[in-house]
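Asks: need a structure here:
(one chain, ligands or ions: 1)
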Amino acid sequence: MKSFHFAFLFFTLLFFTNSCSQSKKVEVEDITLEDTVFVEEDLTFGFDLDEYIVKYDTVEQGWTWNNLFEDFDINQYTINTTAERLKDSLIDMKYILAGKPFMTLKSKKDTSNAPKYLVYEPDVFSYVTFDFNSDSVGIRKEERPIEIQEKMVSGRIEKNSNLSVELGKNFDNYMMTAAISDAIEGVYAWSVDFFKLQAGDKFVVYYDEKSVDGVPYSVDKIKYVWFEHANEGLYAFNFTDSTGEVSGYYDDKANEMKRPFLMSPVKFSRISSSFNMNRLHPIYKTRRPHLGTDYAAPTGTPILATADGTISKASRSRGNGIYVKIRHNKTYDTQYLHMSKIANGIRPGVRVKQGDVIGYVGSTGAATGPHVCYRFWKNGRQINHRSEKFPKSEPMKEEVKPEFFEYIKPLKEKLDLERLKLTVTPALEPEV
Ligand SMILES: [Zn+2]
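Replies: Predicted coordinates:
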């Protein structure tokens, strides 16, 4: 549409120059219109909408193809065969989905009552065009191109706020906020306890954004980040060396950012009760130590193994409810209580990897609401995992380091530039 407005404005100007100022006429005639103005046809789904009467609508709950095609002049047999053809592997549409948009188009020149075209959008990536001009309905599925573009988002954690809330100020789309917050927590899962974020913590994140038709819908990957927690800054760079053998997130000293344990077994949760040697128990109403950390999250939220290990228990007891325990090595065990259900295939003896889903949040056993009580054992004693310092993982191979430092140099400069903007105090009002 923009190109059309521009062309219109250009012609108008041309007209005025022409008629109002005769002396400049020669100059104006020198301009060859073909060279200067390119009027691009404005097509939506391949249609010039100016030539059609367009009706926009949304699929309603419980609709079948019959409802979708009701404005069209076709019989039940054609509807059935069309529905059959939609199931084939190229189109792969078995049902229509409630809430999805569609539009019908009727040519302004057409004298019949029924529209001749329908465009249905099953998702943001594609649309399906139906052509009812002949006896057999024409079906075409078009994919929209996915664009990937580097973007930056930065900010600071305000009082009584959190990462999602701060990120949310930059996006009008909850999906993007969730995708970025999830990706950042993934990068720093081993080094920052996101439940301990405090006012003044800052972040600068460069990421690749995926969009369709200029509308962002997800994060392809987090590329490089700077995160400051409690006045301590941490860089993270996504790096793959030229041989492809070394790959992952590394800090500015080439240490891989992977740690033996994830900071928490659930994403998007909050700590409802910390490890505490003298807690008043909400059910037993007595003071007894709380030897775990409670993460409140909706029933059904996946619970992740915080480290590689072997399942030692997948069972049920009165207090613990449904629970899983994992043996990681000679020193460490972790235990996850009050599950609504244990994940498929999780039973004693099974090996799990860090981040594998082992069960789902619930409130079985002595629990007042849905949460996972995460218990961390060191040499057979329960400890507070949030105050345990874990060893850093292996450093990068020496021969890869020069390539790494070369790669991160300009990226670090970009991050530093942005973090400076976050720390600069606002200019004072000029005196009157
Ligand atoms: Zn607990």
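
Asks: helix/strand/coil for Pro216?
Replies: Using DSSP: H, G, I helix; E, B strand; the rest coil, the structure places Pro216 in strand.

Asks: change the start of the numbering to 119 and stick with it
Replies: Got it, first residue is 119 now, which makes that one Pro334.

Asks: Quick one: residues contacting it.
Replies: Applying C-beta atoms under 8 Å, 6 or more residues apart in numbering to Pro334 gives the contacts 269, 289, 291, 294, 327-328. The C-beta positions use only the backbone N, C-alpha and C, and glycine is treated the same way.

Asks: Put the buried members of the residues you listed into a ChimeraX selection.
Replies: Buried members of the contacts of Pro334, identified by 16 or more other C-beta atoms under 10 Å, are gathered into one ChimeraX selection as follows:
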select :269,294,327,328
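
Asks: so where's this structure uncertain?
Replies: 119-160, 307-308, 377, 386-387, 396, 398-403, 508-512, 542-550 (pLDDT under 70).

Asks: returning to what we had before: which one of the contacts of Pro334 is nearest Arg537?
Replies: Set against Arg537, the nearest of the contacts of Pro334 by C-beta to C-beta is Lys269 (16.7 Å).

Asks: Now name the helix or strand holding that closest one.
Replies: strand 264-274 (DSSP states H and E).

Asks: Now the element after that strand, going C-ward?
Replies: Next along from strand 264-274, by DSSP H and E: helix 281-286.

Asks: Okay, buried residues for that next one please.
Replies: Buried-residue list, helix 281-286, by 16+ other C-beta under 10 Å: 281-282, 284-286.

Asks: Let me have those in JSON lines, adding distance to the ion as columns.
Replies: Shown next, in JSON lines, are those (distance: C-beta to the ion, whole Å):
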{"residue": "Leu281", "distance to the ion": "24"}
{"residue": "Ser282", "distance to the ion": "24"}
{"residue": "Glu284", "distance to the ion": "29"}
{"residue": "Leu285", "distance to the ion": "29"}
{"residue": "Gly286", "distance to the ion": "29"}
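
Asks: In three-state terms, label Lys530 for me.
Replies: Applying three-state DSSP to Lys530 yields a three-state assignment of helix.

Asks: related to what we said a few turns ago, out of the buried residues of helix 281-286, what pair is the most spread apart?
Replies: Most distant of those, by C-beta to C-beta, are Leu281 and Gly286, 9.3 Å apart.

Asks: Run through the residues of the stretch 369-518 of the chain sitting next to the ion.
Replies: Residues of the stretch 369-518 of the chain that fall close to the ion, judged by C-beta under 5 Å from the ion: 410, 412, 491.

Asks: ok, back up a step: remind me what the strand holding Lys269 packs against, helices and strands.
Replies: Packing partners of strand 264-274 (3 or more C-beta pairs under 8 Å, 6 or more residues apart in numbering; DSSP states H and E): helix 281-286, strand 320-330, strand 333-347, helix 519-541.

Asks: Let me see the residues that make contact with the last one.
Replies: Put plainly, it is helix 519-541. Under C-beta under 8 Å, 6+ apart, the answer for helix 519-541 is 270, 272-274, 320, 322, 324, 341-344, 346, 351, 353, 355, 357, 359-360, 364, 368, 370, 372, 514.

Asks: That one vs strand 320-330, what angle?
Replies: Inter-element angle recorded for helix 519-541 and strand 320-330: 100 degrees (by axes from the mean of the first three to the mean of the last three C-alpha atoms, to 10 degrees).

Asks: got the angle between helix 519-541 and strand 333-347?
Replies: Using the same axes, to 10 degrees, helix 519-541 lies at 90 degrees relative to strand 333-347.

Asks: I'm done for today, thanks for sticking with me.
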